[in-house]
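Engineer: next one to model:
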Amino acid sequence: YEASARIPMLLRWPKSFGNSDRRGSLATPPVELRDLLPTFLDAAGARVPEQLDGDSLLKLVRGEAEGWRKHIDLEHSVCYAEENHWNALTDGRWKYIYHAFDGHEQLFDLKEDPAELTDLASDTGYQRTLAYWRREMVKHLSERGDGWVNHGELVIRPEGMLYSPHYPGGA
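Structural biologist: All right, here's what the predicted structure looks like:
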């Protein structure tokens, strides 16, 4: 999964933005493409609308990581095999994947296993970590309704379900 989902994000800002001592450093909070528009608006001195999903990367440059997202979501809908649709969460260290077709779960420690060769979901030593990420996924998907989470449990979805607040017909 990492080979297709982990995209390096490089940010070079002018010295006039300040914090030149942070240049060349590595920021670990999870960032994603939806952070680009708020970053561009922030850099231009424009107001960043609250309804945007992302956040300005310049907050990280300014040392304002407090309140930054804990994790990002990844999704794969049915395209080449009906059983291959899943939802995932990662904080850059851990990745939890819920396979909606049959309820199969995967858990990877990306620090120790960046190539995702060892699935820890069935390892008894990682059940607390697995339970934490499952709860996070329940929280994340619960706003989508009973077709995704029912009575606090992730729902098996044998068929793919396109969902986005901005997708036609989405909630």
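
Engineer: just name the shakiest helix or strand of this structure by mean pLDDT.
Structural biologist: helix 2-5 (a mean of 72; mean pLDDT, DSSP states H and E).

Engineer: that helix - contacts with which helices or strands?
Structural biologist: Packed against helix 2-5, as judged by 3 or more C-beta pairs under 8 Å, 6 or more residues apart in numbering; DSSP states H and E, are no other helices or strands. (Glycine included, C-beta is placed from N, CA and C.)

Engineer: report all helices and strands that the following helix or strand past that helix contacts.
Structural biologist: Using DSSP states H and E, the helix or strand that directly follows helix 2-5 along the chain is helix 36-43. Packing partners of helix 36-43 (3+ C-beta pairs under 8 Å, 6+ apart): helix 58-61.

Engineer: run the chain-centre distance for the helix it packs on.
Structural biologist: Taking C-alpha atoms, centre = their mean, to the nearest Å, one finds the center of helix 58-61 at 19 Å from the center of the full chain.

Engineer: and the contacts of it?
Structural biologist: 11, 13, 17, 19, 22, 27, 29, 31, 39, 42-43, 65, 68 (C-beta atoms under 8 Å, 6 or more residues apart in numbering).
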